[in-house]
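# coordinates only, sequence not included:
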């Protein structure tokens, strides 16, 4: 969603509408770690992002099927991003780093064939963060022992929430700490 205006040059209508949208966000999520204790272990198939008026969103798509339970996850701010398994440091741009670990391997656990083409330390395939207010960088960490690890560079340590659905995990990071007026 974005704010649109029909106002012409020299007016402040766009600025007023943007301020009103930001004031109505009412973000109360906080920035402490968030975990989900789902029991799903289906494969990660895609990572995509979107922009909204109050937050930037990352979605981890998980292969549909049985069990239909959501994947477990841990999302938290870290000082540095270290690749699971190897311990190698992966540089991520931004003022703060969210580490995302989900029980959704980037491969099929039965055949070991890749289901998501992420490569350790590289940008996430198909994810372009140009023009985002909060997101700065997104890197693949590893897919190790049935989990997938991603690093998300954000502008600053901002509030975030995690929504779990049967076939995806959604991470929203707010644009500001501003409370509603």
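Good, I have the coordinates. Computed from a predicted model, the values in this text were never measured in an experiment. Residues are numbered from 1 along each chain as shown.
# average pLDDT for stretch 31-49, rounded please.
Model confidence over stretch 31-49, given as mean pLDDT, is 90.
# endpoints of it, how far apart?
End-to-end distance of stretch 31-49 (C-alpha to C-alpha, to the nearest Å): 20 Å.
# buried ones in that stretch?
Buried residues in stretch 31-49, defined by neighbour count with 16 or more other C-beta atoms under 10 Å: 31, 34, 36, 38, 40-47, 49. Quick note: C-beta positions are derived from backbone N, CA and C, even for glycine.
# same question for stretch 46-65.
Along stretch 46-65, the positions that meet the burial threshold by neighbour count (16+ other C-beta under 10 Å) are 46-47, 49, 51, 53-62.
# how close does residue 79 sit to residue 95?
For residue 79, the distance to residue 95 under the criterion C-beta to C-beta, to the nearest Å works out to 12 Å.
# what element comes up after the lowest-mean-pLDDT helix or strand in the chain heading to the C-terminus?
The helix or strand with the lowest mean pLDDT-type score in the chain, counting by mean pLDDT, DSSP states H and E, is helix 13-23 (a mean of 42). On the C-terminal side of helix 13-23, the closest following helix or strand by DSSP states H and E is strand 34-36.
# what about residue 79 and residue 95, which has more around it?
When residue 79 and residue 95 are compared on other C-beta atoms under 10 Å, the one with more neighbours turns out to be residue 95, at 12 against 7.
# how many residues are close by the closest residue to that one other than its chain neighbours?
Leaving aside its sequence neighbours, residue 95 sits nearest to residue 156 (C-beta to C-beta, 6 or more residues apart in numbering; 4.3 Å). Neighbour count for residue 156, taken as other C-beta under 10 Å: 13.
# follow-up on the earlier one: possible to save the buried residues of stretch 46-65 as TSV with secondary structure and distance to residue 83?
Compiled in TSV, these are given as follows (DSSP: H, G, I helix; E, B strand; the rest coil; distance: C-beta to C-beta, whole Å):
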residue	secondary structure	distance to residue 83
46	strand	21
47	strand	17
49	strand	21
51	strand	28
53	coil	34
54	coil	32
55	strand	27
56	strand	24
57	strand	25
58	strand	19
59	strand	22
60	strand	18
61	strand	22
62	strand	21
